[in-house]
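In: the following block contains a protein sequence and its predicted model.
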Amino acid sequence: MTERRLFGIVTFWMAAAIIPAAATFQIANMFPGIGLFLAMAVYFFAYRPVIATLRLLSLGVIEKKDAWKSLLPFWADRYRWYLWLG
């Protein structure tokens, strides 16, 4: 595994999982009740599709014209291997 590929995988894991989890708990503590719901909604409907699209574009798996499809539910699931290990 090359260094660049390993760096991309680690960066994606940080951007897609660890940092948003910390931010979610921080927002939930700031706004009790609605905060957790709001943070999770922003993650699933805005943040996650953007990160997945940027990762797939950088790997050359999808073309720029298909980037809008990442807003469709479960669209990025067909590229799960590329997202997590690509």
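Out: Thanks, I have the structure now. Numbers count the residues shown, from 1 in each chain.
In: residue ranges in this structure under the pLDDT threshold?
Out: Applying pLDDT under 70 to the chain flags the ranges 1, 86.
In: quick one: the helices in it?
Out: Along the chain, counting by DSSP state H, helices occupy 3-13, 19-30, 35-42, 48-59, 80-85.
In: and the third one, what's buried?
Out: Read it as helix 35-42. For helix 35-42, a neighbour-count test (16 or more other CB atoms under 10 Å) marks 35, 39 as buried. Every residue, glycine included, has its C-beta placed from N, CA and C.
In: got a list of contacts for that helix?
Out: 23-24, 27-29, 31 (CB atoms under 8 Å, 6 or more residues apart in numbering).
In: go on, the shortest one?
Out: Identification of contacts with helix 80-85 by CB under 8 Å, 6+ apart yields 9, 12-13, 16, 52, 55-56, 59, 61, 76.
In: just the buried ones from these, in PyMOL syntax?
Out: Buried members of those, defined by 16+ other CB under 10 Å, are picked up in PyMOL with:
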select buried, resi 9+12+16+52+55+56+76
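In: now the two most distant members of the contacts of helix 80-85.
Out: Taking CB to CB as the measure, those span a maximum distance of 17.3 Å, between 13 and 61.
In: what number of residues lie near the closest residue to residue 61 other than its chain neighbours?
Out: Leaving aside its chain neighbours, residue 61 sits nearest to residue 82 (5.0 Å; criterion: CB to CB, 6 or more residues apart in numbering). By other CB atoms under 10 Å, the residues close to residue 82 number 17.
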